[in-house]
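Chemist: What follows is a protein structure lacking sequence information:
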């Protein structure tokens, strides 16, 4: 009975994801699935890399933002959309708004790298720089929202965004037959809640696993929450995976508790090793967050766990590719002799 | 009449490429074609990136090597294959031999980066280290060939290799309708001769353009040869595009003269800029050579040339992705704070 009450109250179901897929069809890329013999050998399984790093704006975030924007009424859309973010949600919302020819206001904290500001502005959004810190961001966002009437589009704890992210799984299950599992990085939980809802809706036997960084401060809250059965208070992870610093929300957590089968915790070194394999073997650019799911698939805690031995065909979501390589001096180094 | 004699003597025709496609079908990847709004804006045309950097062994070279290996008789195959190369042909031949379960002997010069040696050995090939320089390489290769009886597979000036490389164009023309042109990097000419043969065989109106580095020593021989109508003696280019240092061969040049419409010369800076765009916008890893065709498409000498104004839908071959990023210190820099 408790279960039935839980189910009734979940933010999204398979049909929501299917409707999202219809809404975003003409705007989002159908991203390719890559395979790589070397990675299969290392993993001891067949891995299918779903390349959301090749999605528009370089991350899966475009799907959720686009579904949210396309779900607005004409009246709402005419007022524009607004969010606060220094990450992939900002570029995604800017681009999704441009696709509907409406205004986007993006509040970004001081200190955001210039390349990210350029990308967001390049999609035609209006940037508002605020002081760093979540309170300053929220306050600046509220002020601008009151002044403009724009509709606030949260980055993950919002049903249209969760449903949009779930379209990744609809595509992947069409592209690869007989998948046993999907490994997905988790932060706020928008992506994994959408994917788990879509994939389990189509195939209740599929296993959905979260990949989460412990960070340098041992802050794996999803693993702890799944074990405890309730949200736990842990500081955000101090990690190079800057897309994975958020905490699960009030809408994403109930879906995750119900539909995600376990969490695999990865270290900073695991993430960088997986990045290197993505670049050198799969030949695709991922940001640190984007390599977390592959890091999980290669992790001994996954490979040696008897619960996961039967998972032979495993989807790996490469979630994003917005790595700041110029900031690492890479291009200058190619011209230097 | 001279033309007709030329045509009779060309090393490959469309049917050779079509037969190659049949031979390699079960071994090679059908590589994806990516599009990117930002690149289209920069180019002022629609660009279709054919991702041979995502081909097996990270380069188009696998196609030609695989066709050559699959074309051998049982008796020839039983003696194994041999080549000398420090580049993508070595890994490609090693992997193609492994796919037919035959031996591969690869002669590599001293000083070849360890990561490349590891990759070649990882495909199961037997490595023979020799002194640097083309004479030493050829001598070592001959000795080993005499000792083993292995069949020598040249990197480009060899009809089965040229035909195999041409399968890129068969795929691309199936994947993208109504292409006006294809831009292909050129070095020994195996790739562009195969592509020009296949593409013009299917659509005589398509334009085929070579992208070639001038290097720091202004050594663009393809442009010079096409202008002169005969091969010209120029030193190999001193370029970061280490896959583009060879010179056209006796079999590739006649095909190129007949079927390639022009050459676009790119600088070292052009190549690195195009690499950056590939990584940051298209999110794929290319080596310097792999970015040369994109560099050409963005070059003013192409964009402003009245002969090419009508080319609206342009295929760009991203030829390879084997960049030595570890050697640039990239992974260490991600873990450093």
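Modeler: Structure received. What you see is a predicted model, and the numbers here were worked out from it, not measured in a lab.
Chemist: Please name the residues that touch the residue of the stretch 1-150 of chain A found nearest chain B.
Modeler: Proximity of the stretch 1-150 of chain A to chain B (C-beta to the nearest C-beta) peaks at residue A:32, 4.1 Å away. Just so you know, the C-beta spots here come from the backbone N, C-alpha and C atoms, and that holds for glycine as well. Residue A:32 is in contact with A:51, A:54, B:32, counting by C-beta atoms under 8 Å, 6 or more residues apart in numbering or on different chains.
Chemist: mind listing which of these are in strands?
Modeler: Taking DSSP state E as the definition of strands, those contribute residue A:51.
Chemist: Tell me how far the residue of the stretch 1-150 of chain A closest to chain B lies from residue A:282.
Modeler: 11 Å (C-beta to C-beta, to the nearest Å).
Chemist: quick one on the thing from earlier: tell me which of the contacts of residue A:32 is nearest to residue A:183?
Modeler: Ranked by distance to residue A:183 (C-beta to C-beta), these are led by residue A:51 at 14.4 Å.
Chemist: Residue numbers of the stretch 201-337 of chain A in contact with chain B?
Modeler: Within the stretch 201-337 of chain A, the positions adjacent to chain B are A:240, A:268-269, A:272-273, A:275-276, A:279-286, A:288, A:321, A:323, A:325-326, A:328-331, A:333-335 by C-beta under 8 Å from any C-beta of the partner chain.
Chemist: Buried only: go through the residues you listed for me.
Modeler: A:240, A:268, A:272-273, A:275-276, A:279-286, A:288, A:321, A:323, A:325, A:328, A:330-331, A:334 (16 or more other C-beta atoms under 10 Å in any protein chain shown).
Chemist: pLDDT of whichever helix or strand residue A:160 is part of, averaged?
Modeler: Element membership for residue A:160, per DSSP states H and E: helix A:159-175. The average of the pLDDT scores along helix A:159-175 is 98.
Chemist: what's that helix packed up against?
Modeler: Packing partners of helix A:159-175 (3 or more C-beta pairs under 8 Å, 6 or more residues apart in numbering or on different chains; DSSP states H and E): helix A:14-24, strand A:46-51, helix A:61-71, helix A:190-202, strand A:313-318.
Chemist: So which of these is nearest residue B:313?
Modeler: strand A:46-51 (23.3 Å).
Chemist: strand partners of the closest one, parallel vs antiparallel please.
Modeler: strand A:33-34 (antiparallel), strand A:313-318 (parallel) (DSSP bridges).
Chemist: domains in chain A, as residue ranges please.
Modeler: Split into domains by automatic domain parsing, chain A comes to A:2-60+A:158-318, A:61-152.
Chemist: Centre of the chain to stretch A:272-290, how far?
Modeler: Distance of stretch A:272-290 from the chain centroid (C-alpha atoms, centre = their mean, to the nearest Å) equals 16 Å.
Chemist: so residue A:51 touches residue A:30, yeah?
Modeler: No - counting by C-beta atoms under 8 Å, residue A:51 sits too far from residue A:30 to count as a contact (10.4 Å).
Chemist: which one of these two has more residues nearby?
Modeler: residue A:51 (27 against 12; other C-beta atoms under 10 Å in any protein chain shown).
Chemist: show me what contacts the more buried one?
Modeler: Contacts for residue A:51 (C-beta under 8 Å, 6+ apart) come out as A:31-34, A:284, A:318, B:283.
Chemist: quick check, nearest of the residues you listed to residue A:86?
Modeler: Out of those, the member with the shortest distance to residue A:86 (by C-beta to C-beta) is residue B:283, at 19.3 Å.
Chemist: Dihedrals phi and psi, the spatially closest residue to the closest one that is not a sequence neighbour?
Modeler: Excluding the flanking residues, the one nearest residue B:283 by C-beta to C-beta, 6 or more residues apart in numbering or on different chains is residue A:321, at 3.7 Å. Dihedral angles of residue A:321 (phi, psi; degrees, to the nearest 10) stand at phi -130, psi 20.
Chemist: Residue A:209 too?
Modeler: According to degrees, to the nearest 10, residue A:209 has phi -120, psi 140.
Chemist: So what sits opposite the nearest residue to it once chain neighbours are set aside in the bridge?
Modeler: Of all residues not flanking residue A:209 in the chain, residue A:183 sits nearest, at 4.8 Å (C-beta to C-beta, 6+ apart). Beta-bridge partners for residue A:183, by DSSP bridges, are residue A:209, residue A:316.
Chemist: hang on, isn't residue A:183 packed against residue A:318?
Modeler: No - applying C-beta under 8 Å, one finds residue A:183 not in contact with residue A:318, separated by 10.6 Å.
Chemist: Between the two, point out the one with more neighbours.
Modeler: More crowded of residue A:183 and residue A:318, by other C-beta under 10 Å: residue A:318, with 32 against 28.
Chemist: Can you give me the pLDDT of that one?
Modeler: Reading off the confidence values, residue A:318 has pLDDT 98.
Chemist: for the strands paired with strand A:46-51, which one ends up most surrounded?
Modeler: Comparing the strands paired with strand A:46-51 by mean neighbour count (mean count of other C-beta atoms under 10 Å in any protein chain shown), strand A:313-318 ranks first with a mean of 26.
Chemist: Give me the distance between it and the centre of its chain.
Modeler: 14 Å.
Chemist: Is the residue of the stretch 101-250 of chain A found nearest chain B in a helix, a strand, or coil?
Modeler: In the stretch 101-250 of chain A, the residue that lies nearest chain B is residue A:240 (6.0 Å; C-beta to the nearest C-beta). Of the three states, residue A:240 takes coil under DSSP: H, G, I helix; E, B strand; the rest coil.
Chemist: Wait, residue A:80 touches residue A:153, no?
Modeler: No - with contacts counted by C-beta under 8 Å, residue A:80 stays clear of residue A:153, the gap being 10.3 Å.
Chemist: Same drill for those two, tell me which one is more crowded.
Modeler: Legend: neighbour count by other C-beta under 10 Å for residue A:80 and residue A:153, higher for residue A:153 (24 against 21).
Chemist: Not counting sequence-adjacent ones, nearest residue to the residue nearest to the spatial centre of chain A?
Modeler: Note on chain A: the residue nearest the mean C-alpha position is residue A:191, at 4.6 Å, using C-alpha atoms, centre = their mean. With sequence-adjacent residues excluded and distances taken as C-beta to C-beta, 6+ apart, residue A:191 is closest to residue A:165, at 4.5 Å.
Chemist: List, one by one, the residues from the stretch 1-150 of chain A near chain B.
Modeler: A:29, A:32, A:34-35, A:37-38, A:51, A:53-54, A:56, A:58, A:115, A:122.
Chemist: Just flag the most distant two among those residues.
Modeler: Pairwise distances across the residues of the stretch 1-150 of chain A next to chain B peak at 37.3 Å for A:37 and A:122 (criterion: C-beta to C-beta).
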